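Peer 1: need a 3D model of the sequence below.
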Amino acid sequence: MEILNQLSSQKGDKTEDCNKIVAEKCIANPKNLADIVIGLEDNKNKKLQSDCIEVFTIVSETKPDFIVPYADNVLSLLYSKETKTRWEAAHTLSYIADKVPDIISSILPVLQSLVEKDKSTIVRDYAMDTVANYAKVNAETSEKSYELLKYALELWGEKHAKQVFKGFNYVLDNRSNYKAEINLLVQPYLSANKKIVATEAKKIIKRTEK
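Peer 2: From the prediction side, this is the model:
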């Protein structure tokens with residue numbers, strides 16, 4: 001429990017520096033994560049909760065396997081009223097999505113709701129990253145994620161196209177029968193205003209025309 005006192009909000013640190021230090025300690029000794037989960041589930045202390053899910057995000061970026069046992073603990077935070085908590089929860093899930101496909105499958109409606117309704121671009125980005133990374137697992141997950149990827153592209157266009165196109169690439173790895181349809185969906189983005197979107201669109205078009 002002492003490790004909770006070392007988090008940014010508890011030390012009066014307005015930056016994420018203390019959280020990064022705690023995350024490093026959790027990577028060095030994963031047993032510390034059991035204490036972080038206690039703070040993660042403290043719905044009365046929103047700042048502490050936000051710190052804890054940020055620690056999870058930092059750890060999951062390099063050590064996703066350490067976070068997998070706690071995947072279920074992250075899910076409820078997708079409903080948090082705190083924007084940063086929601087986006088860190090979605091961000092954490094994006095890093096472990098391919099390792100917990102059953103869990104991601106169960107929350108696809110929640111992710112769709114975030115993509116549809118969340119006012120935060122960052123939350124929507126990470127929700128789509130989660131869907132995209134879920135697509136990489138196998139043909140079944142590609143099938144399930146594909147409809148949501150298409151829907152997000154239709155709903156938001158260029159805004160989240162980078163995340164959608166990442167998902168399309170994974171779908172193509174597992175479902176080559178979607179080549180023609182993906183080609184048609186991506187064609188309009190060859191002249192996208194965002195350079196990264198246009199660049200990724202060109203790469204996908206090349207894949208679909210082989």
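Peer 1: for Lys46, see how far away the residue nearest the centre of the chain is.
Peer 2: With distances taken as CA atoms, centre = their mean, the residue of the chain nearest its centroid is Ser94 (2.8 Å). Separation of Ser94 from Lys46 (CB to CB, to the nearest Å): 22 Å. Where you see a C-beta, it was placed from the backbone N, CA and C, and this is true even at glycine.
Peer 1: looks like the residue nearest to the centre of the chain contacts Tyr126 (just checking).
Peer 2: Yes. Counting by CB atoms under 8 Å, Ser94 sits close enough to Tyr126 to count as a contact (5.3 Å).
Peer 1: quick revisit: so the residue nearest to the centre of the chain is in which element?
Peer 2: helix 83-96 (DSSP states H and E).
Peer 1: packing partners of that helix?
Peer 2: For helix 83-96, the elements it packs on are helix 46-62, helix 64-67, helix 71-75, helix 108-117, helix 121-135, judged by 3 or more CB pairs under 8 Å, 6 or more residues apart in numbering; DSSP states H and E.
Peer 1: and the pLDDT for Gly12?
Peer 2: In this prediction, Gly12 carries a pLDDT score of 84.
Peer 1: check Ser8 too.
Peer 2: Looking at Ser8, its pLDDT stands at 88.
Peer 1: with Glu2 instead?
Peer 2: For Glu2, the pLDDT comes out at 88.
Peer 1: compute the number of surrounding residues for it.
Peer 2: By the measure other CB atoms under 10 Å, the count of residues near Glu2 is 7.
Peer 1: also Asn193?
Peer 2: A total of 8 residues lie near Asn193 under the criterion other CB under 10 Å.
Peer 1: now do the one 10 residues further on
Peer 2: Counted with other CB under 10 Å, residues neighbouring Lys203 total 12.
Peer 1: secondary structure element for it?
Peer 2: Using DSSP H and E, Lys203 sits within helix 195-208.
Peer 1: please parse this protein into its domains.
Peer 2: As recorded under automatic domain parsing, the domains making up the chain are 1-99, 100-210.
Peer 1: check the offset of the first one from the chain's centre.
Peer 2: Right, domain 1-99. The chain centroid and the centroid of domain 1-99 are separated by 14 Å under CA atoms, centre = their mean, to the nearest Å.
Peer 1: burial measure for Leu155, as a count.
Peer 2: For Leu155, the count of nearby residues is 13 (other CB under 10 Å).
Peer 1: how near is it to Glu16?
Peer 2: Relative to Glu16, and taking CB to CB, Leu155 is found at 31 Å.
Peer 1: one step back: closest one to Ala201 among the helices and strands packed on helix 83-96?
Peer 2: Put simply, out of the helices and strands packed on helix 83-96 the one that sits nearest Ala201 is helix 121-135, at 15.1 Å, with distance taken as CB to CB.
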